[in-house]
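[1] Give me coordinates for this.
(one chain, ligands or ions: 1)
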Amino acid sequence: MPLVMSANDGYRLWLDYAKVTDEALRGSYAKQISSIAYQSETPVIRSAVKELQLAFSMLVGEELAATRTNNERAGAVALAFGRDRAISHLRVNRELADLGADGYMIRTAADKTYILGNTDKGVLYGVFHLIRLMQTNSAIASLDVKERPAFNVRILNHWDNLNRSVERGYAGASIWEWENLPNEVSSRYEDYARANASTGVNATVLNNVNANAVFITPEYLQKVKVLADIFRAYGIRVYLSINFSSPRILGGLETSDPLDPAVQKWWKDKVAEIYKIIPDFGGFLVKANSEGQPGPQDYGRSHADGANMLAAALKPHNGIVMWRAFVYTVDASDPGYDRAKQAYLEFMPFDGMFAENVIVQVKNGPIDFQPREPITSLFGAMKKTPLMVEFQITQEYLGHSIQLVYLAPMWKETLDRDTYCNGRGSTVARVTDGTIIPQSVSAIAGVSNVGADANWNGHIFAQANWYAFGRLAWNPELASEQIADEWLRMTFTNDQKFVKPVKQLMLDSYEASVKYMQPLGLHHIFAEGHHYGPGVWERLRPGGMRPDWVPEYYHRATQQGLGFDRTAKGTDYVSQYHSPLREFYNDLSACPDNMLLFFHHLPWDYKMRSGRTLWNEICYVYTEGLDDVRRFQKIWDMQEGIVDAERFKAVQYKLREQLRDAIWWRDGVLLYFSSINGLPIPYELERPMNKLEDLMRYRLKMGISSSPPGAEQQTQQISPMNPGPQPR
Ligand code: GCV
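    The predicted model follows:
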């Protein structure tokens, strides 16, 4: 197992397998488990055996012999699936059948621990479950576990480019070493697969949705094949983002019109070629007619025409199309234009017109992965089309890999949000997992935060977001708290002196980041391009950027008030939701504070629930955000000596940067709004450290190109408050 055993730089993620410190517990594990017996051998079962052996030797300090047998001894962990004898002997066929292809059971019977699945993948997930129990120091002597994942496809979306840059990536270069593949194979690929499988992730899109057509050329398919072969042994299928113009770019055709028979044939042949090389290829992810990407509308065709053409090519091979609904191409200059409405306007007319193997992939919020947005109105609206949620694990708008922000609470807000499309309880999780909308395949995606940094994700705590995505994709009902608890214990220690306070820090971190960046429903007031610091002062200018890329378009601050009116009296975005969600947001007295300025334009002296004016509330909430980060620093500093020095210092350093940048946010936003409304920051609150003019000069093109997304961009780590900013 290619693990890097240097000092703890975070490479081992949550698969750290540190020795169980409680001797009695270690003894009980050793007593319970003394060997592995597997009945059928497949590459996935070999992975399961290897992982259990590795984990056990490190956690318990004993080696486990593994034998292929159906006559397991007492103390064995018996791995069996499908038609294996253990399954008929335990008479669990019926129970197992309910758990689907990836589900599993773990059952203790007659001094043996059975891990059973319908497929070998189920067994692998069961093995990781058993390992997790030991990592978190849980009892394993009498187990009766049944698990079934909520979504069929639990997929990472890499926004990785050919030149190894990663769009919105903050953890170094892409881990895919295209220049070395297929001949040189990094040991990271297998470790990547292990990490994913341990959380339940079973699919990956290797390349950016702003797709380079080259990935489906014969040369690159050979490289992709190497990765697919490694991942297969961990139950992971490979998918690719495609460029809709590929028939023209690669095939030399004059058009890529989806209704043109020559184009259809080109895709059919291309797909057949792919499956010859990668027989379990998953399918395509497509960004079409969005942010400059080509698509069917270039030929006067619809999203459904484009998606269905690809779906027809993939269908004979059981492949799927994930067609993104992130679109906002219409003319943005109309004064009534609201970007939040665009996905619904473009996709609703095609509800029920997509082929069976198409899933429409929808970002959690209607704007663009903002720290807090309501759900995209398409959820619950499209009732005849399978939808999948797209979350962003990489922290484009949540502090890159500088800030500690645990994202599970944010994702839970989406998954648990009731759409009311089928009465009460029609949560986003349930309208996308097949419970409410009939669908042959369900899926959920997360934009990956993985890179070539030693610790994979740039920030040690960003690992928790990768982990949390997998766990929620398996079971969206898991509590953020449970996931944080597991992750901390597996990654650091089971010591409660550490777990308790740091877990609370994690749970508070998302709300804190919203408070010091964009509280009370403010959104998209980021600096253009890098999306790290505030750009609240960026104004709409005739002949300037399209309005919906400019913060002023979103906050609409005037001397009198603030906020975007999306009520029935405004752009009426609210009417895209079902009742009573529609009324909930439309009605000022019902709309929660945390969504207020997303839906309402209000005077600065509007009386908030707290009794403060809107302006004072804003000032208080931003200040609370800073206080939260100061509290996080203290909590973390108290962990010195409990966690290893290397990771302790890395996190300590980043928290310092986080406070610096939180101050940047608070000062920038409050000083700017104060310059518009002429109101002072309440005198009882701490005073700004910066001058507005200075902060406005810090609005940089940092590291990332400010050209429309899509170009192959080289991203770098940024330090906005460090010396060296270039004046505008
Ligand atoms: C891949 C946002 C990001 C872009 C990204 C786009 C998308 O606009 O800033 O970098 O492009 O979303 O999701 O397609």
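[2] which parts of the stretch 51-200 of the chain sit against the ligand?
    Proximity of the stretch 51-200 of the chain to the ligand (CB under 6 Å from any ligand atom) is limited to residues 159, 167-168. Glycine gets a C-beta too; all of them are placed from N, C-alpha and C.
[3] and if you look at the chain?
    So the chain meets the ligand at 159, 167-168, 209-210, 287, 291, 326, 368, 396, 709 (CB under 6 Å from any ligand atom).
[4] Pick the one among those closest to the ligand.
    Proximity of the residues of the chain next to the ligand to the ligand (CB to the nearest ligand atom) peaks at Pro709, which lies at 3.6 Å.
[5] Okay, helices next: where are they in the stretch 601-728 of the chain?
    Taking DSSP state H, counting those that start in this stretch as the criterion, the stretch 601-728 of the chain carries its helices at 614-637, 645-677, 692-697.
[6] other SSEs contacting the longest one?
    Right, helix 645-677. For helix 645-677, the packing partners by 3 or more CB pairs under 8 Å, 6 or more residues apart in numbering; DSSP states H and E come out as helix 496-517, helix 614-637, helix 692-697.
[7] Find the nearest non-adjacent residue to Ser142, please.
    Sequence neighbours aside, Thr108 is the residue nearest to Ser142 in space, at 5.1 Å (criterion: CB to CB, 6 or more residues apart in numbering).
[8] Who are the contact partners of Gly399?
    When contacts are counted by CB atoms under 8 Å, 6 or more residues apart in numbering, Gly399 touches 405, 513, 517, 532, 658, 661.
[9] What residue in the chain is the furthest from its centre?
    In the chain, Asn71 marks the outermost C-alpha relative to the chain mean, sitting 42.9 Å out by CA atoms, centre = their mean.
[10] For the closest residue to it other than its chain neighbours, pull up the helix or strand it's in.
    Distance criterion CB to CB, 6+ apart; nearest residue to Asn71, sequence neighbours excluded, is Ala37 at 7.8 Å. Following DSSP states H and E, one finds Ala37 within strand 35-38.
[11] Contacts for the helix or strand following that strand next, please.
    Counting by DSSP H and E, the next helix or strand C-terminal to strand 35-38 is helix 43-59. Here helix 43-59 makes contact (CB under 8 Å, 6+ apart) with 1, 3, 15, 17-20, 26, 29, 33, 36, 38, 62-64, 66, 77, 79, 81, 115, 119-121, 123-124, 127-128, 130-131, 134-135, 194, 197-198, 232-235.
[12] Kindly export helix 43-59 (C-alpha atoms) in PDB.
    Taking C-alpha atoms only, helix 43-59 is exported to PDB below (Å, rounded to 0.1, in the frame of the first residue of the first chain):
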ATOM      1  CA  PRO A  43      -9.900  -6.900  -7.700                       C
ATOM      2  CA  VAL A  44     -12.400  -5.100  -5.400                       C
ATOM      3  CA  ILE A  45     -12.300  -7.900  -2.900                       C
ATOM      4  CA  ARG A  46      -8.500  -7.800  -3.000                       C
ATOM      5  CA  SER A  47      -8.600  -4.100  -2.200                       C
ATOM      6  CA  ALA A  48     -11.000  -4.800   0.700                       C
ATOM      7  CA  VAL A  49      -8.700  -7.400   2.100                       C
ATOM      8  CA  LYS A  50      -5.600  -5.300   1.600                       C
ATOM      9  CA  GLU A  51      -7.200  -2.300   3.400                       C
ATOM     10  CA  LEU A  52      -8.500  -4.400   6.300                       C
ATOM     11  CA  GLN A  53      -5.100  -5.900   6.700                       C
ATOM     12  CA  LEU A  54      -3.300  -2.600   6.600                       C
ATOM     13  CA  ALA A  55      -5.800  -0.900   9.000                       C
ATOM     14  CA  PHE A  56      -5.800  -3.800  11.500                       C
ATOM     15  CA  SER A  57      -2.000  -4.000  11.600                       C
ATOM     16  CA  MET A  58      -1.700  -0.300  12.300                       C
ATOM     17  CA  LEU A  59      -4.700   0.200  14.600                       C
END
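[13] Among the contacts of helix 43-59, name the ones in helices.
    Members of the contacts of helix 43-59 lying in helices (criterion: DSSP state H): 26, 29, 120-121, 123-124, 127-128, 130-131, 134-135, 194, 197-198, 232.
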